[in-house]
Structure formats: C-alpha cells, structure tokens
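Chemist: starting from these lines, generate the structure:
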Amino acid sequence: MGISKEIVKLIVKNIDKYISTNFYPNLLARNSTLFCKNDYNIPKDIACTFVHLPKTGGVTFNSVLLKIGKEKNVKFVLGGHNSISILHDPEERDYITILQDPIKRVYSIYKKNLNNF
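Modeler: Predicted coordinates for the structure are as follows:
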C-alpha cells in the first residue's frame, strides 16, 4: 500500500506543477475543504486572521494566539494555510503573518520534502 500512495503523490505533484492546480495540498490535508481557501467569510467579532505561511513557525504562533484568545477573550481565525479572503476588502479586516528569511525557508521546505519521499 505504501508504494501506491507514493506513486499517487508523485503523479499529483506533477499535475500540480504543469497545469497549476492544488491537488497535492488537498490530498495531504485532513480537511481538504478548508485547506488553502481564500473565499471564507470573516465574522465581525473576529479581531484578526492569521495568514500561516508554511515553515515560518506558524504552528507555535497559532498556539500562542489560542492562549491569548482564551486569556483576553479575543477571537482569531486560525488553522490552515489561510490566504487573505477575497470576500472582504483587506483594509476592512486585520491580518497577521510571520515572515522568514527566504533562503532559510526554502532550505526548511527542502528538508521537509526529503522526509515525504
């Protein structure tokens, strides 16, 4: 079963590469209906949306925001690799993200992908 999963991953990655789709992230996501979406509605009572870029310490920051939210009774949009919602003007809502040195980030993604094969 392991080899068939790896073959499917390889095929889907190549499809994504050549026709600009995002089947591979959806294949990996536990809840693919919410993964990498940009058409989500942000309720008025949400203080901030966390835009999680992969390999930038977002999981740790997500846990920090959860703790702050519980202590201060503040709501955040957390979770997957959300992009900025196309349903709202970016000037109407607050977003927060973490940036990393691009070379370190690419190296980190490279090391992670070595473990996926």
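
Chemist: how far away is the most centrally placed residue in the chain from residue 58?
Modeler: Closest to where the C-alpha atoms of the chain average out (Cα atoms, centre = their mean) is residue 81, at 1.4 Å. In this view, residue 81 and residue 58 are 8 Å apart by Cβ to Cβ, to the nearest Å. Where C-beta positions appear, they are placed from N, C-alpha and C, glycine not excepted.

Chemist: give the next helix or strand downstream of the top strand by length along the chain.
Modeler: Taking DSSP state E as the assignment, the strand of the chain that covers the most residues is strand 46-51. The C-terminal neighbour of strand 46-51 among helices and strands, as given by DSSP states H and E, is helix 58-72.

Chemist: quick check: buried residues in stretch 70-90?
Modeler: When burial is assessed from 16 or more other Cβ atoms under 10 Å, stretch 70-90 yields the following buried residues: 76, 77, 78, 80, 81, 82, 83, 85.

Chemist: give me the phi and psi for the fifth one.
Modeler: With angles defined as degrees, to the nearest 10, residue 81 shows backbone torsions of phi -80, psi 70.

Chemist: show the contacting residues for the closest residue to it other than its chain neighbours.
Modeler: What sits nearest to residue 81 in space, not counting adjacent residues and going by Cβ to Cβ, 6 or more residues apart in numbering, is residue 52, at 5.1 Å. For residue 52, the contact set (Cβ atoms under 8 Å, 6 or more residues apart in numbering) comprises 58, 61, 62, 79, 80, 81, 82, 97, 98.

Chemist: if we can go back for a sec, and which of the buried residues of stretch 70-90 is nearest residue 105?
Modeler: Looking at the buried residues of stretch 70-90 and their distance to residue 105, the nearest is residue 81, at 13.5 Å (Cβ to Cβ).

Chemist: any idea how far the closest one lies from residue 55?
Modeler: On the measure of Cβ to Cβ, residue 81 and residue 55 end up 11 Å apart.
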